[in-house]
Structure formats: structure tokens, C-alpha cells
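In: below are the sequence and a predicted model; questions follow.
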Amino acid sequence: MYKVAVLGDRDSIYGFAAIGLDTYPVENDLDAAKILRDLVQQEYAVIYITESLQSKLESEIDKYVSMRLPAIIPIPGVSANTGMGMRNVKKSVERAVGSDIIFNND
């Protein structure tokens with residue numbers, strides 16, 4: 001079975017443990033980059049990462065974009081949200097159905 005991880009600040013990811021996801025709270029950017037590399041090595045299929053952390057680790061995440069796994073998906077956190085998660089959802093829907101059916105081209 002594939003594993004799913006959530007990476008971000010403790011307040012943003014705390015609740016994901018209740019639904020059985022592996023949570024990895026981070027204190028600083030250096031720890032976050034190391035944990036991300038470790039999760040990739042452990043063959044996690046999906047890694048959710050808070051938007052604020054994703055924006056800080058962009059160059060590290062770019063290393064894995066062309067790989068089949070893991071899927072690294074930004075999610076909103078409790079603060080410093082960039083809107084990247086919603087933009088990615090919009091792009092995915094547009095690719096899947098050929099038009100923007102959720103946001104009505106806003």
C-alpha cells in the first residue's frame with residue numbers, strides 16, 4: 001500500500017494524524033528540505049506540503065516534478081497561504097475536462 005505524508009508547521013498538519021496520515025512537523029527550512037528528501041527515499045506516494053513551506057522549498061521540489069512518485073501537493077496552512085493549492089486544483093480540473101468548470105474562469 002502507498003504511504004501518504006503531510007509536511008508543514010505543527011499547527012497546520014496536526015489534524016491529519018487523526019485520519020491516519022504520517023505527519024512531519026518542521027521547525028525550519030533546512031530541516032524541511034532534509035525531511036522531504038527522506039520522504040522521497042522512503043517511497044511515499046503522496047506528500048502534502050503547506051503552501052508557505054512549499055514556496056520556500058521550490059528548488060528542492062523541482063527535483064521531483066518529473067518523477068512518477070511522489071506527488072507533492074501544496075495545501076493551505078493556518079497562515080502565510082499563497083493560493084498555490086487552489087491554483088493547482090484549477091489547473092488540474094482544466095486539464096482533465098478541457099475547461100474551468102469549478103471557478104468559472106475567475
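Out: Nice, I can see it. Note that this is a predicted model, so its numbers are computed, not measured. Numbering: from 1, shown residues only.

In: in the chain, which spans are strands?
Out: Assigned by DSSP state E, the chain shows strands spanning 4-8, 22-25, 46-50, 71-75.

In: closest one to Asp38 among the ones you listed?
Out: Closest to Asp38 of the strands of the chain is strand 22-25 (CB to CB; 8.7 Å). The C-beta positions use only the backbone N, C-alpha and C, and glycine is treated the same way.

In: pull out the buried residues from the closest one.
Out: Asp22, Thr23, Tyr24, Pro25 (16 or more other CB atoms under 10 Å).

In: quick one: which of those is nearest Leu39?
Out: Tyr24 (7.1 Å).

In: surely that closest one touches Leu7?
Out: Yes: counting by CB atoms under 8 Å, Tyr24 touches Leu7, with 4.8 Å between them.

In: tell me, what's touching those two both at once?
Out: Ile13, Ile35, Leu39 (CB atoms under 8 Å, 6 or more residues apart in numbering).

In: what mean pLDDT does stretch 32-50 get?
Out: Mean per-residue pLDDT for stretch 32-50: 94.

In: contact partners of stretch 11-30?
Out: With CB under 8 Å, 6+ apart, stretch 11-30 has contacts from 3-10, 32, 35, 39, 44, 48, 50, 53, 56-57, 75-79.
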